[in-house]
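Participant: here's a sequence, model it:
(one chain, ligands or ions: 1)
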Amino acid sequence: MRVFIAGIDGYLGWPLAQHLAARGHETAGADALLRRAWVAEMGADSAVPVATIGERLAAYREHFGASLPFTEVNLRDHDALGRALAAFAPDAVVHLAECPSAPYSMMDHRHAEFVQSNNVSGTLSLLFAMRDHCPEAHLVKLGSMGEYGTPDVDIPEGFFEVEFRGRRDRLPFPRQAGSWYHWSKVFDSENVAFACRMWGLRATDVMQGVVYGTWCPGDLRLNSRLDFDEAFGTAVHRFCCQAVIGHPITPYGSGAQRRGVLSLADALQCLTLALENPPGPGEYRVFNQLRDVRSLAELAELVQAAACSLGIEARVVPVANPRAETEGHHYRPDSNELPKLGFRPSAPMDEELRRLISDLLPHAGRIAAHADRLPPTVRWRARTARAHTMPKTPDRGREPS
Ligand code: USQ
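Facilitator: Now for the predicted structure:
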């Protein structure tokens, strides 16, 4: 299969290209290299060293015996994106090219506006480009479990049967996102579903939980990044990095908020299953992609235990929750579609966490060098403007100055 990965330079994109190549698929990719700039803006760096995109592509050629056609492009550059798709003629497109950070979107108006316009406009541009250049291709779009929020009922996979005033229908399950970023994912989902209805595109919208895990296959150039700053570091990654440098592990608030989590290896397996089992023309389907549901307090304890088993003494010290989110809520999302396609979780979480921490240990100095980036500073309910300045990057040409 020919798979075009938008966002191939990111945490998921780069390992996915390698995973698909190992299974005999041909891959091409696009990226505007923005993740690197955003993390630099946060004053941080990846805990694991990562190579330049040029070095990565050279390593890919050496390891997989084929070159990977790469286009440096922002998805909002519609014509350039169209040319890249037309040239590769993909069977499937994986869309990972979005700004993935809730805290980043909550910093101030400029960041909220940037995250929403970047994500929603980029997705819209991709939908039109697929309609025009590869209408038969299957779009695998990365959404988020955070689109649903935390309703006081079970969460189905995208749709539910509802009876109202004596009539029944199968309708989209309500979305109640908790950040400007998560709302951008909701808007994307609506646009992708609409494109399927209008043009007969086929799509899988993946409601993904919090992913954790390193990808360090031996050649530094094949490594995936692993961030730990307050905006781009997700909870488990931050906890592991904190443990590795002797910093307290910081669940926010009571730690009673629950999330779906899965390892990077499991995320790659799930995305591959979606790709290898495409929906029919015009079909828009939703998969909830997660393996375990845990509270943040449980995740902190699991990281502490994994660190302890490696001889590292780690402390859990909850900090005031900078976010406005429900703690101690019902959380029971369905996740049946991927197991039906054959998803089998790879390793238990404690084993994955030990591997993650072991991979981080040689880089403790890199984490310690940016330890001041660990404490949260972005407050969800802040009502006064903060002095955040966004760096000028080439892709931001469309922003008001
Ligand atoms: N949290 C802590 N301590 C920390 C960092 C986070 O307790 O040091 C808590 C947060 O309060 C939240 C939970 O951990 O309750 C998850 O936060 P996160 O930063 O790991 O993840 P989130 O902001 O929800 O976003 C991440 C990805 C996003 C993806 C989402 C899936 O960045 O792209 O969409 O996970 S989900 O969480 O299911 O919405």
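Participant: so what's Val286 up against?
Facilitator: Gly143, Glu157, Gly158, Phe159, Ser189, Thr204, Asp205, Val206, Met207, Glu337 (Cβ atoms under 8 Å, 6 or more residues apart in numbering). To be clear about C-beta, it is placed using only N, CA and C from the backbone, and glycine gets the same treatment.
Participant: and the residue in the chain that the ligand sits nearest to, how many residues sit next to it?
Facilitator: Using Cβ to the nearest ligand atom, the closest approach of the chain to the ligand is made by Gly146 at 2.5 Å. Gly146 has 25 neighbours, counted by other Cβ atoms under 10 Å.
Participant: what do you get for Pro348?
Facilitator: 12.
Participant: just the one 5 residues further on next, same as before
Facilitator: The number of residues packed around Leu353, counting by other Cβ under 10 Å, is 27.
Participant: so which strand or helix has it?
Facilitator: helix 349-360 (DSSP states H and E).
Participant: give the other helices and strands that the following helix or strand past that helix contacts.
Facilitator: For helix 349-360, the succeeding helix or strand toward the C-terminus, using DSSP H and E, is helix 364-369. The criterion is 3 or more Cβ pairs under 8 Å, 6 or more residues apart in numbering; DSSP states H and E, and the helices and strands that helix 364-369 contacts are helix 235-244.
Participant: which residues does the helix it packs on contact?
Facilitator: Applying Cβ under 8 Å, 6+ apart, the contact partners of helix 235-244 are 47, 210, 212, 226-228, 230, 233, 247-251, 259, 261, 296, 299-300, 303-304, 306-307, 312, 314, 353, 356-357, 360-361, 364, 367, 374.
Participant: please spell out the PyMOL selection for the buried subset of these.
Facilitator: Only the buried entries of those go into this PyMOL selection, using 16 or more other Cβ atoms under 10 Å:
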select buried, resi 47+210+212+226+227+228+230+233+247+249+250+251+259+261+296+299+300+303+304+306+307+312+314+353+356+357+360+367+374
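Participant: that older thread, I'd like to know which of the contacts of Val286 is nearest to Arg221.
Facilitator: Val206 (27.3 Å; Cβ to Cβ).
Participant: residues touching Pro251, list them.
Facilitator: Applying Cβ under 8 Å, 6+ apart, we find Pro251 in contact with Ala235, Phe239, Leu296, Ala297, Leu299, Ala300, Val316, Pro318, Val319.
Participant: considering only those, which also neighbour the ligand?
Facilitator: Ala235, Leu296 (Cβ under 6 Å from any ligand atom).
Participant: now for the contacts of Pro251: which two are most distant?
Facilitator: Within those, Leu299 and Val319 form the most distant pair, 14.6 Å apart (Cβ to Cβ).
Participant: if we can go back for a sec, just the buried members of the contacts of Val286?
Facilitator: Looks like the contacts of Val286 have Gly143, Glu157, Gly158, Ser189, Thr204, Asp205, Val206, Met207, Glu337 buried, using 16+ other Cβ under 10 Å.
Participant: secondary structure and distance to the ligand added to those residues, as a markdown table?
Facilitator: Output for these, formatted as a markdown table (DSSP: H, G, I helix; E, B strand; the rest coil; distance: Cβ to the nearest ligand atom, whole Å):
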| residue | secondary structure | distance to the ligand |
| --- | --- | --- |
| Gly143 | strand | 8 |
| Glu157 | coil | 14 |
| Gly158 | coil | 15 |
| Ser189 | helix | 12 |
| Thr204 | strand | 16 |
| Asp205 | strand | 12 |
| Val206 | strand | 10 |
| Met207 | strand | 8 |
| Glu337 | helix | 16 |
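Participant: quick check: Ala274 vs His138, distance?
Facilitator: 8 Å (Cβ to Cβ, to the nearest Å).
Participant: let me redo that: Ala86
Facilitator: For Ala86, the distance to His138 - Cβ to Cβ - is 17 Å.
Participant: so these two - more neighbours on which side?
Facilitator: Comparing Ala86 with His138 by other Cβ under 10 Å, the one with more neighbours is His138, at 26 against 12.
Participant: contacting residues for the more buried one?
Facilitator: Remark: with contacts taken as Cβ under 8 Å, 6+ apart, His138 is in contact with Asp91, Ala92, Val93, Arg202, Ala203, Thr204, Leu275, Pro278, Pro279.
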